[in-house]
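Asker: Mind folding the following:
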Amino acid sequence: MTKTLAKPQQGAAKADESLPLTISVPEAGKRYFGLSRNGSYNAAAAGTIPTLRVGKLLRVPVRKLEKMLDE
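Answerer: From the prediction side, this is the model:
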């Protein structure tokens, strides 16, 4: 009896590729800490939530936040 291995589907995205690289400050605060919108921005201003500014937009890098939480 021979076993055949299933070939990966072409174009199938990895789990990491389906997640966005950055999310909004309120989304990060709510998803990872259960914070309100204002609480999320206060945590970002205090440096608890890592952020990066793109023009006027303030975003949270998901990998950096998750790495920080793993430590």
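
Asker: In the protein, what residue spans correspond to strands?
Answerer: For the chain, applying DSSP state E gives strands covering 22-24, 52-54, 57-61.

Asker: Take those strands and lay them out in TSV including distance to Arg31 and mean pLDDT.
Answerer: C-beta coordinates here come from the backbone N, C-alpha and C atoms, glycine included. Below are the strands of the chain laid out as TSV (distance: least, CB to CB, whole Å; pLDDT from 0 to 100):
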stretch	distance to Arg31	mean pLDDT
strand 22-24	7	97
strand 52-54	17	94
strand 57-61	10	96
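
Asker: Now do the residue nearest the centre of the chain against Leu69, distance only.
Answerer: Nearest to the geometric centre of the chain sits Val62, at 2.6 Å (CA atoms, centre = their mean). Val62 sits 11 Å away from Leu69, going by CB to CB, to the nearest Å.

Asker: now the helices for the protein?
Answerer: 15-18, 25-28, 37-46, 62-70 (DSSP state H).

Asker: Tell me which of those approaches Leu52 most closely.
Answerer: helix 62-70 (8.5 Å; CB to CB).
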